[in-house]
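Novice: pasting a predicted model and its sequence here:
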Amino acid sequence: MLNHLKVMFSSNVLDAIRRESAAAPVGYETGGILLGDSDPLRLTVAGGPGPGAVRTKSFFLRDLQYSQNLAAQEAARSGAKWVGEWHTHPTGPAHPSPKDLSTYQRIQQDPNAGLSSGVLSLIVSPSGPGWLMTAWWCADGHGIQIVMEES
């Protein structure tokens, strides 16, 4: 069970998300998986969308096979686990949409996902000349904003 409301991350996680966000077609969503440790909540890897990802202006679906392969490689290499997902909202607010919350609830209820206590969601949206990234802990169909801290 999560006993805090803070997520720590390494600079390579932020760099990967910035790189993937900038590489996406203008106005289209993109994203990927988040790997690391769940208690304390620490991110070590941010995956990309994968070659089979579906991107639209209001929807993103990651390449499942690509994500599963990345998760397996990182688990073998460093013991990192899947803790959540990140994606962009290029024209929307930096918080989970009702569709996002529904998706995270399905993931949370999937016994194979291993995320029964909740799903970490990083939402990236344009802000001035750059990007705003907010962290959300999504459980039981609800999201609460949490603090991010670079480690």
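Specialist: Everything's here; your move. Numbers count the residues shown, from 1 in each chain.

Novice: before we move on, what SS does Trp137 have?
Specialist: strand (DSSP: H, G, I helix; E, B strand; the rest coil).

Novice: the longest helix belonging to the chain: which residues count as buried?
Specialist: Counting residues, the longest helix in the chain under DSSP state H turns out to be helix 64-78. Judged by neighbour count (16 or more other C-beta atoms under 10 Å), helix 64-78 contains these buried residues: Tyr66, Ser67, Leu70, Ala71, Glu74. All C-beta atoms are positioned from the backbone trio N, CA, C, and that covers glycine.

Novice: let me know the closest of those to Ser127.
Specialist: Ser67 (26.7 Å; C-beta to C-beta).

Novice: got a list of what that closest one touches?
Specialist: Gly32, Ile33, Gly47, Gly50 (C-beta atoms under 8 Å, 6 or more residues apart in numbering).

Novice: which among the residues you listed count as buried?
Specialist: Gly32, Ile33, Gly47, Gly50.

Novice: other SSEs contacting the lowest-mean-pLDDT helix or strand in the chain?
Specialist: The weakest-scoring helix or strand in the chain, judged by mean pLDDT, DSSP states H and E, is strand 142-150 (a mean of 73). Where contact means 3 or more C-beta pairs under 8 Å, 6 or more residues apart in numbering; DSSP states H and E, strand 142-150 is packed against strand 6-9, helix 98-109, strand 130-139.

Novice: need these in CSV (columns: distance to Asp39 and mean pLDDT).
Specialist: Below are the helices and strands packed on strand 142-150 laid out as CSV (distance: least, C-beta to C-beta, whole Å; pLDDT from 0 to 100):
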stretch, distance to Asp39, mean pLDDT
strand 6-9, 11, 86
helix 98-109, 16, 82
strand 130-139, 12, 83
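
Novice: got the contact list for Arg62?
Specialist: By C-beta under 8 Å, 6+ apart, the neighbours of Arg62 are Gly31, Gly32, Ile33, Gly47, Pro49, Gly50, Ala53, Glu85.
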